[in-house]
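> Predicted structure and sequence below. I'll ask about it afterward.
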Amino acid sequence: MTAGPATTASADEPCTLPRAPLHHSEGLDSWNEEYPEPVGTVRAVMLFLSFPDAKPKLSPRRIADDYFPATSDFFRDASYGKLDLRADIEAAWLRMPADSGDYGIRRDWDASLRSAYLRDALKVVSPRVDLADYDVVYLVADPDAPGVDPDATKVVNFDKPVTVGDAEIRRLVTVFEHRVPDRNVLAHETGHVFDLPDLYHRPDDPHGDWDTHVGDWDLMGSQFGLSPELFGWHKWKLGWLGHGHVDCVRSTGTTLHTLQPIGAPLEDGDPEADTRLAVVRTGPAEALVAEARTPVGNDSRSCTRGVLLYRVRSDIASADGPIDVVDGHPDTGACHAASVHPRLADAPLETGESYYDADAAIRVEVGERTVTGGWNIKIVRG
């Protein structure tokens with residue numbers, strides 16, 4: 001598995017936030033070398049597992065079409081062309097030794113049964129493929145096998161790397177989707193492979209709301225979101241944006257910023273003429289971020305637009321709320337027929353609107369749109 005340091009974050013940048021020693025920290029002052037760096041060519045392999053209790057109805061290639069090239073296209077656009085995710089598709093079904101029902105596959109999986117599944121899967125695939133050639137490994141279970149639970153799709157992280165031939169495997173993407181799979185599900189799981197956290201909130205009530213933290217506004221919150229483009233903070237963390245694309249508000253007073261849409265292609269030339277984020281450090285491990293969102297690129301299905309504000313905490317683990325979107329219109333919602341969380345669907349601020357954070361003494365005022373589709377904003381820090 002390949003890994004390398006991020007090239008766009010540094011410990012002396014006052015707005016980066018420190019990376020904490022917890023699962024998928026949102027800190028980006030350094031890169032976690034246990035994860036492959038998502039810049040340049042990243043090689044993936046997709047392998048297909050069948051079971052004695054079910055004869056597959058579809059070919060691996062037909063199932064792979066549900067995921068590629070869509071997943072590669074998502075990351076190509078999100079990364080401004082800086083990530084080329086190339087997937088090799090294994091053309092044959094690889095038969096597991098036990099029936100699908102014997103593994104007890106489900107979301108909250110019994111640890112011993114999950115270990116048995118992974119052990120058998122690696123034993124089956126290792127003679128077929130040299131896993132050392134790949135940065136990402138997708139294990140896809142036969143979607144028609146009776147014991148396959150689509151809610152179990154996830155990334156499995158090993159406490160210690162598992163040696164398979166010449167490869168040291170730190171994590172695997174285990175796919176248990178039924179046909180047709182959830183939209184963007186593989187892109188979400190691949191985001192974890194690149195050290196991005198879950199942004200949803202798992203309620204105690206199984207029928208409760210999972211999307212209270214970020215709503216539609218990032219793939220890592222919901223793969224069903226209308227606006228699945230990754231937050232600019234994540235693009236900065238992954239090395240797709242550099243310091244020149246980020247305005248860091250370091251002191252009190254008034255500053256002016258022009259934000260280009262986060263989903264639009266980057267302009268060639270001077271990056272300081274193409275600002276994508278305005279960041280205000282509000283604590284040792286916390287920042288307030290502003291970015292422009294419009295129906296472009298991966299956000300083409302968005303039903304609202306404007307300047308989106310959100311708070312980032314680098315000391316909060318994955319799925320515990322490391323990012324919270326600021327609701328710019330708390331008394332209303334939008335996109336009720338399609339949004340995963342309508343209350344936050346109209347969160348962005350538009351021209352003439354503002355937000356005041358009384359605790360941090362920060363006001364964000366949204367001005368006129370630019371000819372390139374972004375917004376001018378003013379940040380007043382008390």
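Cool, the structure landed.
> Show me the shaky parts of the stretch 251-382 of the chain.
By pLDDT under 70, the low-scoring segments of the stretch 251-382 of the chain are 269-272.
> CA-only coordinates of the top strand by length along the chain in PDB, if you can.
In the chain, with assignment by DSSP state E, the single longest strand is strand 83-95. Provided in PDB are the C-alpha atoms of strand 83-95 (Å, rounded to 0.1, in the frame of the first residue of the first chain):
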ATOM      1  CA  LEU A  83      -6.700  12.200  -8.700                       C
ATOM      2  CA  ASP A  84      -6.800   9.500 -11.300                       C
ATOM      3  CA  LEU A  85      -8.500   6.500  -9.600                       C
ATOM      4  CA  ARG A  86      -8.000   3.500 -11.900                       C
ATOM      5  CA  ALA A  87      -9.800   0.300 -11.100                       C
ATOM      6  CA  ASP A  88      -8.900  -3.200 -12.400                       C
ATOM      7  CA  ILE A  89     -12.000  -5.400 -12.600                       C
ATOM      8  CA  GLU A  90     -11.500  -9.100 -11.900                       C
ATOM      9  CA  ALA A  91     -13.600 -10.900 -14.500                       C
ATOM     10  CA  ALA A  92     -14.400 -14.100 -12.600                       C
ATOM     11  CA  TRP A  93     -16.500 -15.000  -9.500                       C
ATOM     12  CA  LEU A  94     -14.300 -16.200  -6.600                       C
ATOM     13  CA  ARG A  95     -16.100 -18.700  -4.500                       C
END
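> Please work out the average pLDDT along the next helix or strand after that strand.
The helix or strand immediately downstream of strand 83-95 is helix 111-125, counting by DSSP states H and E. Averaged over helix 111-125, pLDDT sits at 97.
> Can you point out the buried residues in helix 111-125?
If you call a residue buried by 16 or more other C-beta atoms under 10 Å, then helix 111-125 has these buried ones: 114, 116, 117, 118, 120, 121, 122, 124, 125. Glycine gets a C-beta too; all of them are placed from N, C-alpha and C.
> What is the nearest of these to residue 200?
For the buried residues of helix 111-125, the minimum distance to residue 200 (C-beta to C-beta) is 21.3 Å, reached by residue 114.
> That closest one and residue 168: what is the separation?
According to C-beta to C-beta, to the nearest Å, residue 114 stands 20 Å off from residue 168.
> so what's residue 70 up against?
184, 186, 187 (C-beta atoms under 8 Å, 6 or more residues apart in numbering).
> Spell out the residue ranges of the strands in the stretch 251-382 of the chain.
253-259, 277-283, 286-293, 306-313, 323-325, 354-357, 362-369, 375-381 (DSSP state E, counting those that start in this stretch).
> Please produce TSV containing those, extended by distance to residue 197 and mean neighbour count.
Listed next are those as TSV, based on distance: least, C-beta to C-beta, whole Å; neighbours: other C-beta atoms under 10 Å:
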stretch	distance to residue 197	mean neighbour count
strand 253-259	24	16
strand 277-283	18	21
strand 286-293	15	24
strand 306-313	10	23
strand 323-325	8	22
strand 354-357	23	15
strand 362-369	24	18
strand 375-381	26	19
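> Any idea what the closest residue in space to residue 125 that isn't next to it in sequence is bridged to?
With sequence-adjacent residues excluded and distances taken as C-beta to C-beta, 6 or more residues apart in numbering, residue 125 is closest to residue 47, at 4.9 Å. Residue 47 forms beta bridges with residue 139, as assigned by DSSP bridges.
> count of residues packed around residue 47?
A total of 24 residues lie near residue 47 under the criterion other C-beta atoms under 10 Å.
> Top of the contacts of residue 70 by number of neighbours, please.
The contacts of residue 70, ranked by neighbours (other C-beta under 10 Å): first place residue 186, 27 neighbours.
> my guess is it is in a helix, correct?
Yes. Assessed by DSSP: H, G, I helix; E, B strand; the rest coil, residue 186 belongs to a helix.
> how about it, what does it touch?
By C-beta under 8 Å, 6+ apart, the neighbours of residue 186 are 67, 70, 71, 138, 173, 175.
> any idea how far residue 75 is from it?
10 Å.
> Surely residue 251 is in contact with residue 379?
No. Counting by C-beta atoms under 8 Å, residue 379 is not a contact partner of residue 251; they are 11.1 Å apart.
> how about residue 249, what does it touch?
Residue 249 neighbours (C-beta under 8 Å, 6+ apart): 15, 255, 278, 279, 280, 281, 379, 381.
> change it to 7 Å
255, 278, 279, 280, 379, 381 (C-beta atoms under 7 Å, 6 or more residues apart in numbering).
> What pLDDT is listed against it?
96.
> Now do the same contact list for the closest residue to it other than its chain neighbours.
Once flanking residues are discounted, residue 249 sits nearest to residue 280: 4.4 Å by C-beta to C-beta, 6+ apart. Applying C-beta under 7 Å, 6+ apart to residue 280 gives the contacts 249, 287, 288, 362, 379, 381.
> quick one: the first one from residue 287, how far?
For residue 249, the distance to residue 287 equals 10 Å [C-beta to C-beta].
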